[in-house]
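Student: sequence first, predicted coordinates after that:
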Amino acid sequence: MSIHVKSKLNYKKKYLQVALNNTLADAIQIISVLPPSDRIIIEAGTPFIKHYGVNGIRQIVSLWAEKVDDPYIVADLKTMDRAETEVGMAAEAGASAVIALGHAPIETLDSFIDECERRGLDSMIDMMNVEYPLGVLSQLRKPPVVVVLHRGVDEEKFNREKMIPLHEIRRIKGRYNIMISIAGGDTIREVQSSVFNDADIVVIWKQVYSGVDTTLEIINDFLDEVK
């Protein structure tokens with residue numbers, strides 16, 4: 001039986017998630033040229049948060065709020081422990097969603113999902129390097145709002161054979177009516193493949209750092225594919 005999970009996101013829409021992983025100056029430039037679309041999700045990436053802390057999340061929320069009425073910001077904390085504390089930090093900074101790692105203890109993931117729900121945030125679990133995502137999901141008291149299927153940057157760089165696990169999308173959706181995010185593919189072709197395989201969210205980051213003068217064109221091209 002399919003299990004449905006409530007979300008701030010619209011299950012009938014496809015979303016493009018722009019990950020901001022570098023400097024605040026870069027984030028300001030990129031956000032300044034993004035079109036004000038409700039299908040764009042902004043991510044405060046892990047390197048960005050480690051550099052700027054929760055104040056960096058606040059600044060990204062404020063910047064995107066200048067362009068859209070209801071800014072949706074993902075805080076990629078990669079939570080492994082102390083879920084209540086970390087979710088609380090993200091909530092107080094104005095985040096809309098938080099990411100935990102699928103390799104975290106099940107107790108942490110249960111706490112993470114509960115605290116996100118209590119705080120009104122969307123829970124996202126990143127399954128990077130998790131061989132059987134369904135094995136993790138089946139142990140949880142309740143599923144997260146979003147499962148992230150992720151090929152890491154180092155994996156892509158040093159292991160050309162490593163593929164994004166798109167085959168897991170239909171396996172997960174066959175049991176859970178939850179959203180699937182695909183991270184680690186940054187080309188139009190990879191975005192097309194993700195959407196074709198029924199992904200709900202596609203994450204990009206490298207392309208938007210190729211040059212601010214071309215960012216708007218790149219984003220519009222990606223939005224045309226994520227329909």
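Tutor: Right, received. Where do you want to start?

Student: rest of the way, CA atoms for contacts and neighbours
Tutor: Noted.

Student: pLDDT (mean, whole number) over stretch 112-121?
Tutor: For stretch 112-121, the per-residue pLDDT values average out at 97.

Student: now do it: everything it contacts.
Tutor: Contact partners of stretch 112-121, identified using CA atoms under 8 Å, 6 or more residues apart in numbering, comprise 8, 83-84, 87-88, 91, 95-98, 100, 122-123, 142-144.

Student: what's near enough to touch the closest residue to residue 122 other than its chain neighbours?
Tutor: With CA to CA, 6 or more residues apart in numbering as the criterion, residue 122 has its nearest non-adjacent residue at 4.4 Å, and that residue is residue 97. When the contact criterion is CA under 8 Å, 6+ apart, the partners of residue 97 are 72-75, 116, 121-124.

Student: adding secondary structure and distance to residue 167, write those out as CSV.
Tutor: Conversion of the contacts of residue 97 to CSV gives the following (DSSP: H, G, I helix; E, B strand; the rest coil; distance: CA to CA, whole Å):
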residue, secondary structure, distance to residue 167
72, coil, 27
73, strand, 27
74, strand, 24
75, strand, 26
116, helix, 28
121, coil, 28
122, strand, 24
123, strand, 22
124, strand, 19
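
Student: which among those count as buried?
Tutor: Among the contacts of residue 97, those classed as buried by neighbour count (16 or more other CA atoms under 10 Å) are 72-75, 116, 121-124.

Student: just list what the longest helix along the chain packs against, helices and strands only.
Tutor: Counting residues, the longest helix found in the chain (DSSP state H) is helix 46-65. The helices and strands touching helix 46-65, judged by 3 or more CA pairs under 8 Å, 6 or more residues apart in numbering; DSSP states H and E, are helix 24-33, strand 40-44, strand 73-79, helix 83-92.

Student: so which of the ones you listed gets nearest residue 13?
Tutor: Evaluated over the helices and strands packed on helix 46-65, closeness to residue 13 peaks at strand 40-44, with 10.8 Å, by CA to CA.
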